[in-house]
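*Asks:* Here is the input, now give the coordinates:
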Amino acid sequence: MSVENFETFKDGINKGLFMEMFDQFYDDNVEMIQNGATIVGKVQNREIQEKFIQNSTIHEIKIVSFQSEGDTIIYQMIMNFEVGGHVINKNQEVHQTWANGKVVKELYI
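*Replies:* Model prediction:
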C-alpha cells in the first residue's frame with residue numbers, strides 16, 4: 001500500500017472527482033460493505049455510487065483525516081448533501097484495504 005496513492009485519492013475526493021477516483025483506484029473485484037450489505041465487483045459498486053450522485057445534491061464531501069497501518073487506511077469523511085429535499089450532515093468512518101495500488105475492500109462504519 002502506498003500512502004501516495006491514498007493522498008491522490010483523497011485530493012480527488014476533496015475536489016469532487018468521485019467517479020474519477022473510483023475508476024482509478026478501485027479493484028475490479030472490490031468488496032464494499034455498508035449497512036450490513038456486501039456488494040462485490042467494481043461494476044456493481046459503480047452503479048450504486050452513480051445512483052447516489054444522481055439522486056443527491058452534494059454540498060460537500062471531504063476526507064478530513066486518515067491513518068495508515070500496513071495495507072489498511074482508516075479515514076474520516078464529512079458529508080453534507082440533500083436527498084429528496086432532506087439535508088443530511090454525516091461524519092463517516094471508512095476502512096479501506098489496499099493491494100497493488102487499488103482498493104480491494106471498503107467498509108463503512
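
*Asks:* How far does stretch 32-45 sit from its chain's centre?
*Replies:* Distance, stretch centre to chain centre, for stretch 32-45: 11 Å (Cα atoms, centre = their mean, to the nearest Å).

*Asks:* For it, list every residue counted as buried.
*Replies:* 32, 42, 45 (16 or more other Cβ atoms under 10 Å). Placement of C-beta: from N, CA and C, glycine included.

*Asks:* Determine how far the last residue of it lies from the first.
*Replies:* 7 Å (Cα to Cα, to the nearest Å).

*Asks:* Please work out the average pLDDT along that stretch.
*Replies:* The average pLDDT for stretch 32-45 rounds to 96.

*Asks:* Show residues contacting it.
*Replies:* 22, 26, 27, 28, 29, 30, 31, 48, 105, 106, 107, 108 (Cβ atoms under 8 Å, 6 or more residues apart in numbering).

*Asks:* 7 Å instead, please
*Replies:* The contact list for stretch 32-45 (Cβ atoms under 7 Å, 6 or more residues apart in numbering) reads 26, 27, 28, 29, 30, 31, 48, 106, 107, 108.

*Asks:* neighbours around residue 102, how many?
*Replies:* The local packing of residue 102 (other Cβ atoms under 10 Å) involves 18 other residues.

*Asks:* Show me what it bridges to in the sheet.
*Replies:* Per DSSP bridges, the residues bridged to residue 102 are residue 99.

*Asks:* PyMOL command to pick out the buried ones of the contacts of stretch 32-45?
*Replies:* Of the contacts of stretch 32-45, the buried ones can be selected in PyMOL as follows, counting by 16+ other Cβ under 10 Å:
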select buried, resi 26+27+30+31+106+107
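
*Asks:* Format the contacts of stretch 32-45 as JSON lines; extra columns: secondary structure.
*Replies:* Shown next, in JSON lines, are those (DSSP: H, G, I helix; E, B strand; the rest coil):
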{"residue": "26", "secondary structure": "strand"}
{"residue": "27", "secondary structure": "strand"}
{"residue": "28", "secondary structure": "strand"}
{"residue": "29", "secondary structure": "strand"}
{"residue": "30", "secondary structure": "strand"}
{"residue": "31", "secondary structure": "strand"}
{"residue": "48", "secondary structure": "helix"}
{"residue": "106", "secondary structure": "strand"}
{"residue": "107", "secondary structure": "strand"}
{"residue": "108", "secondary structure": "strand"}
